[in-house]
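*Asks:* got a structure for you, letters missing:
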């Protein structure tokens, strides 16, 4: 069975009534958990996981896949409407989505996201069909050197993505990576920075850090600026979701670029959707003629990363199903559900369970349609959340966030740390530091360490091992190029300015 | 009594000084972090121990904190400022943080229902200034709905006491 036949076969299964209902319920529940602050896809999928065991494995897989897609999308909705990202991959949506909403274009911003997600979903599936035979051997060839280049290089690049001075990105990122080392070291079973507290042995929770940094600091900002929320149009009708001609034109290429970037990142290890959104944002900055509008409501800054988010979700299914490598906690839960049903994910899955593999891929296509069906009429519901007075919204979000944080590990230390992180996040935001970098540091920190240790062992202690393969060298070259490109362009601009000033000085008549 | 002017009151503080303080705090925290890492087994290059990676991170953190301090100096010279809340807004911001701190400290001993009702009621009072009965009504309904969804519908195990 070739890719197209497989997909059509999967589609035939995916449109069975019970799978359609599962896709609908999953997309709805996913969007809801994504929209509710503090409850990310991991918590949402964890809650649903036991329910999936009651059904056919296919229903369970489709349910979790739909929750995964829906929560990614829902997280971005809150990024745009209330500047609180539902999870790490929704952080970028706050950069330009929230300013767009503040300009009264919240409806169009969500419309751009819906279209971007749909386009990326469809393009992603097309690329899956074309690349499955090529991707498998490349993914299998990744060793610690490539993994380290990808994660450590990714950290360096991402520290510069959100703009500001070097210190503004680097310092919070160092804190994030340091936080990633808290807990029991998986290799040596050595307790690091736990201060004798057993609850800290499992490490720092991403949900805690996200709610503390974003949820709490955003609420404090909301209290400071009580009029902010009311600036968003009080009512958004379905026709408001339609971006205008200029916005569609500005979004078209970023949608395509974002979809492909997202897919590319999705098939690679690590928090692919997060890397994809930041990477896409960086690409949009690089290709834009005028970068001054980024962070102020630039359509490309929302369209590209949102498409990348969806593209990465589709892409990340490939290594999870084909290699049995879950690159996110939600995917890990999906694989756990498969194993409970006695299905082993891995290279043999297509041969042994083609109906399952292709049905999940086809179900992603169906889920994307469900997301459009659900989110277009329900956008008013999400907007109503923003219209709620601050004195009701603030305690409700803080309460939901706190309970959401508690629900991940059910320990009180997470709640206490959440408050501490909230205060730190508020101060850092006030002082113009990039708090997104801290979150990324935590996400990538443990992976960087893992690949660093593996690489040192593989290279017998020689650090040159990390540059020993052509793929790793290429990845590091890309990192250096990405970091140096803005510095070089600044230097060139300064040189040009200097020359033109010099020539004006030599030819004073030109000044007139 | 607060005035509309006081509500919107914001104070300007030196950005350079704030970043200098953040950098200095960073030096202290990363100094301790690095020292603690150095007390862990470092292993060998071919087989690094649990302390090696934190040691590298600690040194990187110290360097980043130094960069923050160096970066703060020109801001001090330029006299750039940050806006921080003042007056009633400052009291509300501090009040909410105090309530949240109290919430996470008492939830284990009084249970999720009672702690959440108290937190919501007092938060609404601080932020709205509505009469107590109204704040209590809003706060109780809000807290009961939130906790019920997690506790009963989603089966999240929240702290309970016999009282509730």
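*Replies:* Good, I have the coordinates. Predicted model only: the values in this text are computed from it and were never measured.
*Asks:* hey, let's count contacts and neighbours off CA atoms from now on
*Replies:* OK.
*Asks:* near chain B at all, the helix or strand harbouring residue A:456?
*Replies:* Assigned by DSSP states H and E, residue A:456 falls within helix A:435-458. Yes - Helix A:435-458 reaches chain B (C-alpha under 8 Å from any C-alpha of the partner chain) through A:449, A:453, A:456, A:457, A:458.
*Asks:* got JSON lines for these, with pLDDT too?
*Replies:* Formatted as JSON lines, the residues of helix A:435-458 next to chain B follow (pLDDT from 0 to 100):
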{"residue": "A:449", "pLDDT": "89"}
{"residue": "A:453", "pLDDT": "89"}
{"residue": "A:456", "pLDDT": "89"}
{"residue": "A:457", "pLDDT": "88"}
{"residue": "A:458", "pLDDT": "87"}
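*Asks:* right, and the helix or strand after the worst-scoring helix or strand of chain A on mean pLDDT?
*Replies:* Ranking every helix and strand in chain A by mean pLDDT, DSSP states H and E puts helix A:41-52 at the bottom, with a mean of 60. For helix A:41-52, the following helix or strand on the C-terminal side (DSSP H and E) is helix A:57-82.
*Asks:* most surrounded residue in the residues of helix A:435-458 next to chain B?
*Replies:* Among the residues of helix A:435-458 next to chain B, residue A:453 has the most neighbours (other C-alpha atoms under 10 Å in any protein chain shown), with 24 neighbours.
*Asks:* give the contact list for that one.
*Replies:* B:47, B:48 (C-alpha atoms under 8 Å, 6 or more residues apart in numbering or on different chains).
*Asks:* can you rerun that using 10 Å?
*Replies:* For residue A:453, the contacting residues are A:144, A:148, A:187, A:447, A:459, A:461, B:45-50, B:52-53, by C-alpha atoms under 10 Å, 6 or more residues apart in numbering or on different chains.
*Asks:* what pLDDT does the model give residue A:504?
*Replies:* The model reports residue A:504 with a pLDDT of 70.
*Asks:* ok so, going back, could I get the residues of helix A:435-458 next to chain B as CSV with distance to residue A:2?
*Replies:* Shown next, in CSV, are the residues of helix A:435-458 next to chain B (distance: C-alpha to C-alpha, whole Å):
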residue, distance to residue A:2
A:449, 39
A:453, 40
A:456, 41
A:457, 40
A:458, 38
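*Asks:* ok, so of those residues, who is nearest residue B:104?
*Replies:* Nearest to residue B:104 out of the residues of helix A:435-458 next to chain B is residue A:449 (C-alpha to C-alpha; 32.0 Å).
*Asks:* so the nearest residue to that closest one once chain neighbours are set aside is in which element?
*Replies:* Using C-alpha to C-alpha, 6 or more residues apart in numbering or on different chains and skipping the chain neighbours, the partner closest in space to residue A:449 is residue B:53 (6.4 Å). Residue B:53 belongs to helix B:52-78 when elements are defined using DSSP H and E.
*Asks:* would you mind listing what in the stretch 151-300 of chain A touches chain B?
*Replies:* By C-alpha under 10 Å from any C-alpha of the partner chain, the residues of the stretch 151-300 of chain A that approach chain B are A:165-182, A:184-193, A:216, A:219-226.
*Asks:* pLDDT of the helix or strand containing residue A:279, averaged?
*Replies:* Per DSSP H and E, residue A:279 falls inside helix A:272-287. Across helix A:272-287, the average pLDDT comes to 84.
*Asks:* skipping its backbone neighbours, what lies nearest the spatially most central residue of chain A in space?
*Replies:* By C-alpha atoms, centre = their mean, chain A has its centre lying nearest to residue A:89, at 1.7 Å. Sequence neighbours aside, residue A:274 is the residue nearest to residue A:89 in space, at 4.0 Å (criterion: C-alpha to C-alpha, 6+ apart).
*Asks:* over to residue A:369?
*Replies:* Nearest to residue A:369 is residue A:118, by C-alpha to C-alpha, 6+ apart, at 7.1 Å.
*Asks:* contact partners for that neighbour?
*Replies:* Contact analysis of residue A:118 by C-alpha under 10 Å, 6+ apart lists A:112, A:124, A:255, A:259, A:307, A:310-311, A:365, A:367-372.
*Asks:* got it, and residue A:458?
*Replies:* Going by C-alpha under 10 Å, 6+ apart, residue A:458 touches A:143, A:144, A:145, A:452, A:465, A:466, B:46, B:47.
*Asks:* pLDDT added to these, as CSV?
*Replies:* Shown next, in CSV, are the contacts of residue A:458 (pLDDT from 0 to 100):
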residue, pLDDT
A:143, 78
A:144, 82
A:145, 86
A:452, 89
A:465, 89
A:466, 88
B:46, 83
B:47, 86
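*Asks:* and for chain B, the residue most distant from the center?
*Replies:* Farthest out in chain B is residue B:46, which, by C-alpha atoms, centre = their mean, sits 40.2 Å from the centre.
*Asks:* list the residues that contact that residue.
*Replies:* A:453, A:454, A:455, A:456, A:457, A:458, A:459, A:460, A:461, A:462, A:463 are the contacts of residue B:46 under C-alpha under 10 Å, 6+ apart.
*Asks:* count of neighbours near the third one?
*Replies:* Pointing back at residue A:455 there. For residue A:455, using other C-alpha under 10 Å, the count is 25.
*Asks:* separation between residue A:437 and residue A:274?
*Replies:* Look at residue A:437 and residue A:274: by C-alpha to C-alpha, to the nearest Å, they are 11 Å apart.
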